[in-house]
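Q: Sequence and predicted structure, then a few things I'm wondering about:
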Amino acid sequence: MARSGAGTPLLLRLSLLLLLHPGGEWPPAHSRTLGCGSVAVDSPVVTLGSAVRASCTIRSELCRGLEPGRVRISWMLDNEPVAGSQQRGAGGTEVSNLTLPHFNRTQAKLWCCVEWNGTKQRVDVAEIQAGYPPAKPFNLSCVLSLSDYGLTCQWERGADSHLPTSVALKCAGTPQPRPPGGSPRAHPSGCRRSRAPAVTGCTPEGGRSRCTVPRRLLQLYRQMEIWVSAANALGTAESQHLRIDPMDVAQLDPPALQSIQSIPVQTDCVAVAWEVARSNAHMELQCELRYRAPGDPAWALVTGIVGQAGTTRHCGFLFGTRYLFQMRCRRSSARGYWSDWSPGMNYTTHEKAPTGKLDAWWSAQPGMAGGRLEVQLRWKAPRQQEANGRVLGYRVTLSPRRRGRDPPTVCNTTHTQCNFSAPVGTQRVYLSAYNAAGESAATEVVLLERRGPPLAGLRAVSGGEHSLWVHWEAPSAPAAAYVLEWERVSSEPSRCSACWQMERDGAATTALIRDGIEPFQRYNISVYTLYKDTVGLPIHTAAYSKQKAPSYAPKLHLRSISKSEAELCWDPVPVEMQNGFITSYTIFWANSTAEVSSATVSPSLSSFVIRELKPSTLYKVHIMASTAAGSTNGTSLTLVTTVLDDIEIQFLFLTLGLVFVLLILLLICFQKNGRVKQQFWPSVPDPANSSLGKWVPAELQQEPLQVPGTREPGLATISTVTVLEKAAGKQPLGWGKEPAAETPGTFPALPQPYVRQEGPGGRGDTVQYARVVGDGYKGQQHVPPRLYLRCSPTQPLLCDP
């Protein structure tokens, strides 16, 4: 019994663990509830942001292990705890009420839980969805296909409602009034005509915003009402209702072009033959024709073409021009859709001789050979409406063409320029263009001299990446026209024959240049004024259509350096790489302590001197090139200042040279002047000629002298050092002098001893060996020593006189 009672709580705990999720997430989605309570909510679908009210009722007698009166109810919204209020209900139940004032989740689970043995266990759950009523669909349109007569409608959805929404396309017939004395007319199944019309339609698939109503649900040539309905749990919305006859929205098949011909009498008109598609043969149609030439920005449209088939005519076409033609049709009631454009057909109109005058520009100068004038003539190709076809070439003559004879041709070319020689005094030449249909009337070109007054001012600004606006001040004298020349500035000079244009309006003060203009390139522009009897001198300017930072900055070079200054130089950036007008160069320099300095230099300069540098210091220098649109840094240059300037170095070398010269002069003076020489280098007596040189002490007279048989090279070996005391009353001998009287209390200075060795043959060598100084230090009693050195085994060596 004891074991049975002890095991009961254990079994309860094990059963509780089986109800919990082993992963720790609570409450587990797949676990079972206790089944002793229930959750009720006002509505499982609410408006997003509105309040949600819920209640949980627990019947403790159905929950085993729960003691009545001690039930504790809690709430969980998904995995977050929320607080509710609890009170006792009828019949011994426990009730908890919960209010969520702002429900801001589109979908969530609300759990009711009870505490059992210290843990929470779920009892019941309610799923809540939140969103908005469906938005109203809009932009509803329908098209009837004549291939299967299905009505395809499409629309646009409104804002997302966050709730499951069903969408359907609906249609219904308009109810017809009952005829007098008759009965309602019955129609086939579908959108019927009755007092209570049937509503049919289609449902889009896959969440698309379009669907097709089949032919069996349609009634053609009668009014129908069509709309889109969207519904969810919070409401229903409908689009605007369309009242249409399906045939009014039918899209016809495109017509087919049969042929295009020029009308011989009026060569600027063409006749276009066409026919409709078979599916449209029973309808009254209205059609449109469009055409355009290559390079035209838009189509030219011909309207008002009525009929099922036939021929239409239209005029105003350019001669010798290739056109593309297309056609489309719709029902003549003008309530349906246009068909697609027909496949295009190309046609080239007949040519005609060129018309109009050519714009020409010239330059003339005397030739190398006398009596000739070198002329360069340039002209613009005629416009398309004046060329009347493809121009085959140009002809230049020195006189106009007259009946019955052609003047001699000085130039016949397919280009738009010509260089030729003419006799001096030639004032006019004649220029004409020709094609396969004939030759244009000659344009007279008067070769005026360029000596008129120039314009007062000229400037150019950007008109876009590929254009430039040129502005000038009108001259004081009336002008007939203006000629503008421009050329791209580059390192390699080039001549552009097409880079010019003529403004024939003498009152104009602006012109737009488009030909050959590229961004980031500099152009030199010249403007000439054409007067009645002369040409004005040109005025020039330069411009960019667009600028940017230079492609690279110049490379710095060190020209000279000193202890406080450094002169730098650089090569200008090529014009093609400047990408704009260089506004300035900026020099930056910094030492090892990161002290940065800079200076701005005019773009016209190519050198700069950095001043106030520190001696013997390393600097890093770089240059930055700037335009109005940006800047570019160059590579870094490392330099080290010197310790001295050039002048200081020259002064130092000059000083050293002067000192060296003075030393040489002093040496020469010492050699030449005996007194000076005696002062610095006094003469020393030869000890070999003194009386001491032959004196031998008495102590050594009794020792035999050993003379080696041969003289051995090298130093003598000192074997014995004998110190002889000074004999009383005996005076030392001087060098070749008589003994002098000795001053009482002093010890005479000892002469410098010499060593004399005699080798074989009686030759003696005298060498100064040592000197014994007799004087002692100041205040010290002086004991005059006598030093006697003995060299063994050859002969004695005397060191003391």
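A: Happy to help now that I have it.
Q: C-alpha from now on. contacts and neighbour counts both.
A: Noted.
Q: Make sure residue 253 is actually in contact with residue 281.
A: No - the pair residue 253 / residue 281 is not scored as a contact, 10.4 Å apart, by CA atoms under 8 Å.
Q: With neighbour numbers in mind, choose between the two.
A: residue 253 (22 against 12; other CA atoms under 10 Å).
Q: Residue 619: neighbour count?
A: 21.
Q: Can you verify it is assigned to a strand?
A: Yes - the assignment for residue 619 (DSSP: H, G, I helix; E, B strand; the rest coil) places it in a strand.
Q: OK, contacts around it?
A: Residues near residue 619 by CA atoms under 8 Å, 6 or more residues apart in numbering: 589-592, 638-640.
Q: 6 Å - rerun?
A: Contacts for residue 619 (CA atoms under 6 Å, 6 or more residues apart in numbering) come out as 590-591, 638-639.
Q: now swap in residue 267 and tell me
A: By CA under 6 Å, 6+ apart, residue 267 has no neighbours at all.
Q: cutoff 8 Å now
A: Per CA under 8 Å, 6+ apart, neighbours of residue 267: 319, 349-350.
Q: hmm, back to that, now the contacts of residue 619: which count as buried?
A: 590-591, 639 (16 or more other CA atoms under 10 Å).
Q: Out of those, which comes closest to residue 291?
A: Closest approach to residue 291 among the buried ones among the contacts of residue 619 (CA to CA): residue 590, at 69.6 Å.
Q: so the closest one sits in a strand?
A: Yes - according to three-state DSSP, residue 590 belongs to a strand.
Q: What is the burial count for the closest residue to it other than its chain neighbours?
A: In this structure, residue 590 finds its nearest non-sequential neighbour in residue 596, 4.3 Å apart by CA to CA, 6 or more residues apart in numbering. A count of neighbours around residue 596, defined by other CA under 10 Å, yields 13.
Q: returning to what we had before: any quick PyMOL command for the buried ones out of the contacts of residue 267?
A: To isolate the buried ones among these in PyMOL, judged by 16+ other CA under 10 Å, type:
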select buried, resi 319+349+350
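Q: and residue 668, that one's in a strand?
A: No - the secondary structure assignment for residue 668 gives helix rather than a strand, going by three-state DSSP.
Q: With residue 123 as the reference, measure out to it.
A: 129 Å (CA to CA, to the nearest Å).
Q: Do I have it right that residue 317 meets residue 269?
A: Yes - taking contacts as CA under 8 Å, residue 317 lies within contact range of residue 269: 6.2 Å.
Q: In contact with the residue nearest to residue 640 when sequence neighbours are not counted: list those residues for me.
A: Leaving aside its sequence neighbours, residue 640 sits nearest to residue 618 (CA to CA, 6+ apart; 4.3 Å). Shown in contact with residue 618 (CA under 8 Å, 6+ apart): 591-592, 638-641.
Q: Enumerate the positions of stretch 218-232 that are buried.
A: Applying 16+ other CA under 10 Å to stretch 218-232 flags 218-219, 223-232 as buried.
Q: still on that earlier bit, pick the one among the contacts of residue 618 closest to residue 496.
A: Distances from residue 496 to the contacts of residue 618, taken by CA to CA, are shortest for residue 638, at 44.6 Å.
Q: In what element of secondary structure is the closest one found?
A: strand 637-640 (DSSP states H and E).
Q: now for that strand, which elements pack on it?
A: Contact partners of strand 637-640 among helices and strands, from 3 or more CA pairs under 8 Å, 6 or more residues apart in numbering; DSSP states H and E: strand 618-627.
Q: per-residue confidence averaged over the strand it packs on?
A: For strand 618-627, the mean per-residue pLDDT is 94.
Q: heads up, I number from 56, so please use that
A: All right, first residue 56 from here; so that's strand 673-682.
Q: Report the next helix or strand after it in sequence order.
A: Past strand 673-682, the next helix or strand by DSSP H and E is strand 685-688.
Q: Distance from that following strand to the middle of the chain?
A: In terms of CA atoms, centre = their mean, to the nearest Å, the centre of strand 685-688 is found 12 Å from the chain centre.
Q: Tell me how far residue 688 lies from residue 326.
A: To residue 326, residue 688 is 67 Å away according to CA to CA.
Q: These two: who's more crowded?
A: Legend: neighbour count by other CA under 10 Å for residue 688 and residue 326, higher for residue 688 (21 against 14).
Q: and that one, what does it touch?
A: By CA under 8 Å, 6+ apart, the contact set of residue 688 is 607-608, 677-680.
Q: how close does it sit to residue 264?
A: Taking CA to CA, one finds residue 688 at 58 Å from residue 264.
Q: now residue 505
A: 74 Å.
Q: Residue 443: how many residues sit nearby?
A: Residue 443, neighbours per other CA under 10 Å, totals 24.
Q: Name the nearest residue to residue 662, ignoring sequence neighbours.
A: Going by CA to CA, 6+ apart, residue 662 has residue 624 as its nearest residue, at 4.1 Å.
Q: Which pLDDT value goes with the one you found?
A: As predicted, residue 624 sits at a pLDDT of 95.
Q: ok, now residue 207?
A: Predicted confidence (pLDDT) for residue 207: 90.
Q: is it fair to say it lies in a strand?
A: Yes - membership of residue 207 in a strand is supported by three-state DSSP.
Q: that older thread, out of the buried residues of stretch 273-287, which is nearest to residue 387?
A: residue 278 (18.1 Å).
Q: Okay then, goodbye and thanks.
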